[in-house]
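1. Okay, structure incoming, though there's no sequence with it:
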DNA sequence: TTTACTATACCGTCCAGTTGGTATAGTAGC
DNA sequence: GCTACTATACCAACTGGACGGTATAGTAAA
């Protein structure tokens, strides 16, 4: 990997601030300082605060899509490939670090409509999965469990210990395999 | 039920604003207007914005505790009573409407440490469940699924249709019963 | 010459919190 | 039953700081 682009540096800084100070506490001055840019430089890359948060969310969607498509390819042809790829993606902290998902909380804090691109993406995934696996509540529940693990981690409200996280994800995979038969 | 206390009126107003404008967009002026009070009157009941959000969160914890203990009593003696009561509580929109949980997002937006009371409560529930059912990943996963359903609804990012929500909760109950044997 | 910035100054608005009141009900002493 | 006092539950106006955004002048590399 080369060095990250200035845009990515900025988005990383914004995520750090969101995680530390609170999802609604992102300010342009702070992001500029944290990313080592001037405010002018920051606004050169993002037209405003909304654009910044939109950028965070778009990066989240894009990154998770890339990883998921990777998994999808390796599962191609197998039953429930899309759903399984979606679940497998969540376990990949190495590629898609959980702080990236702070974008969701930041968007929810700023303005709920900012989540629209994510909603669109989810609707698309839903259709994919229905076409492949049908519309079964049990499958949506697996998705919900994966989301639950993510949000619990994001908010720091997990009932289990951090060391147990890996076991949790493995358990989800096992359960999914069982349910998906 | 009598009419709600002024405090509850204020907390309801704050939740409505959080849901509409964004979890980080709660302002004292707006809450005052929405609740039909002046700002001065609002600040008589809550010492400041933090106190307001803390109040929201405390009400959430208290209300869900009441409902959960109800379920707990009716399951007393049966295996995994606490875990089952916890899961059953989530389905009770009638008593614990999902907007109450906006408090979690509002707290996350304002300052992550505001979630500490919730974390404490979760730690307590964790201990209860471990004492009763042991420390098994599969059980935490059920909890995660329940949280996932909640947060998905809160953020409006459910992959399923609103009409399917009931089916989702039923599915979770069924799955839980199966796993809890 | 264009791109990618730095640095600084500034403006207007939003918003948390403060201040200084008012209205009402209750209570204690006489 | 009147007066003095207290507590509760508010209201309206204001203040000061934070913050989003704009503007401008300049720099350095390709």
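-> Right, received. Where do you want to start? Computed from a prediction, not measured in an experiment: that's the story for all the values here. Numbering: from 1, shown residues only, chains lettered A, B, ... in the order given.
2. going forward, measure contacts between C-alpha atoms and count neighbours the same way
-> OK.
3. For residue A:79, give me its contacts.
-> Residues in contact with residue A:79 (C-alpha atoms under 8 Å, 6 or more residues apart in numbering or on different chains) are A:132-133.
4. Repeat that for residue A:83.
-> A:129, A:139.
5. immediately after the helix or strand in which it is found, which helix or strand?
-> Using DSSP states H and E, the element containing residue A:83 is helix A:81-89. Going down the chain from helix A:81-89, the next helix or strand is helix A:102-110, by DSSP H and E.
6. hmm, what's the outermost residue in chain A?
-> residue A:40 (28.5 Å; C-alpha atoms, centre = their mean).
7. what's the spacing between that one and residue A:69?
-> For residue A:40, the distance to residue A:69 (C-alpha to C-alpha, to the nearest Å) stands at 37 Å.
8. anything in stretch A:109-126 near chain B?
-> Yes: for stretch A:109-126, a contact with chain B is found by C-alpha under 8 Å from any C-alpha of the partner chain, at A:109-112, A:118-119, A:122-123, A:125-126.
9. Can you pick out the most distant pair from these?
-> A:110 and A:126 (25.9 Å; C-alpha to C-alpha).
10. For those two, indicate the residue with more neighbours.
-> Legend: neighbour count by other C-alpha atoms under 10 Å in any protein chain shown for residue A:110 and residue A:126, higher for residue A:110 (25 against 20).
11. wait, isn't the more buried one in contact with residue B:25?
-> Yes: using C-alpha atoms under 8 Å, residue A:110 makes contact with residue B:25 at a distance of 6.6 Å.
12. List the buried residues in stretch A:151-168.
-> Buried positions in stretch A:151-168, judged by neighbour count with 16 or more other C-alpha atoms under 10 Å in any protein chain shown: A:151-160, A:165, A:168.
13. chain center to the lengthiest helix in chain A: distance?
-> For chain A, the helix with the greatest residue count under DSSP state H is helix A:49-74. How far helix A:49-74 lies from its chain's middle: 7 Å, per C-alpha atoms, centre = their mean, to the nearest Å.
14. Check stretch A:21-28 too.
-> 18 Å.
15. Repeat that for stretch A:173-181.
-> On C-alpha atoms, centre = their mean, the centre of stretch A:173-181 falls 22 Å from the chain's centre.
16. Just the buried positions in it, please.
-> For stretch A:173-181, burial by neighbour count (16+ other C-alpha under 10 Å) applies to A:173, A:176, A:180.
17. roughly how far apart are the last one and residue B:57?
-> Using C-alpha to C-alpha, we find residue A:180 at a distance of 38 Å from residue B:57.
18. And the second one, by the same measure?
-> Distance of residue A:176 to residue B:57, given as C-alpha to C-alpha: 33 Å.
19. Identify all contacting residues around stretch A:98-118.
-> Outside stretch A:98-118, the residues within contact range by C-alpha under 8 Å, 6+ apart are A:12, A:15-16, A:18-19, A:23-24, A:26, A:53-54, A:56-61, A:150, A:153-154, B:19-25, B:105-106, B:108-109, B:155, B:157.
20. other SSEs contacting the lowest-mean-pLDDT helix or strand in chain A?
-> Lowest by mean pLDDT, DSSP states H and E among the helices and strands of chain A is helix A:165-180, with a mean of 88. Here helix A:165-180 touches helix A:81-89, helix A:137-155, helix B:137-155, going by 3 or more C-alpha pairs under 8 Å, 6 or more residues apart in numbering or on different chains; DSSP states H and E.
21. quick one: which of those is nearest residue A:34?
-> Shortest distance between residue A:34 and the helices and strands packed on helix A:165-180, using C-alpha to C-alpha, is found for helix A:137-155: 20.6 Å.
22. which secondary structure elements does the closest one contact?
-> So helix A:137-155, by 3+ C-alpha pairs under 8 Å, 6+ apart, packs with helix A:81-89, helix A:165-180, helix B:137-155, helix B:165-180.
23. List just the one of those helices that sits closest to residue B:78.
-> Nearest to residue B:78, of the helices and strands packed on helix A:137-155 and by C-alpha to C-alpha, is helix B:165-180 at 10.9 Å.
24. how distant is the closest one from the center of its chain?
-> 19 Å.
25. And for it, what's in contact with it?
-> For helix B:165-180, the external contacting residues (C-alpha under 8 Å, 6+ apart) are A:137-138, A:140-141, B:80, B:84, B:87-88, B:91, B:138, B:142, B:145-146.
26. rerun at 10 Å
-> Applying C-alpha atoms under 10 Å, 6 or more residues apart in numbering or on different chains, the contact partners of helix B:165-180 are A:136-142, A:144, B:79-81, B:83-84, B:87-88, B:90-92, B:133, B:138-139, B:141-143, B:145-146, B:149, B:153, B:158, B:160, B:162, B:164, B:181.
27. tilt between that helix and helix B:137-155?
-> 170 degrees (axes from the mean of the first three to the mean of the last three C-alpha atoms, to 10 degrees).
28. so helix B:165-180 versus helix B:81-89, what angle?
-> Put simply, helix B:165-180 runs at 170 degrees to helix B:81-89, going by the same axes, to 10 degrees.
29. near DNA strand C, which residues of chain A show up?
-> Counting by C-alpha under 7 Å from any atom of the strand, the positions of chain A adjacent to DNA strand C are A:6, A:36-42, A:44-45.
30. returning to that earlier point: mean pLDDT and distance to residue B:100 added to the helices and strands packed on helix A:165-180, as CSV?
-> Converted to CSV, the helices and strands packed on helix A:165-180 look like this (pLDDT from 0 to 100; distance: least, C-alpha to C-alpha, whole Å):
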stretch, mean pLDDT, distance to residue B:100
helix A:81-89, 93, 29
helix A:137-155, 95, 17
helix B:137-155, 95, 10
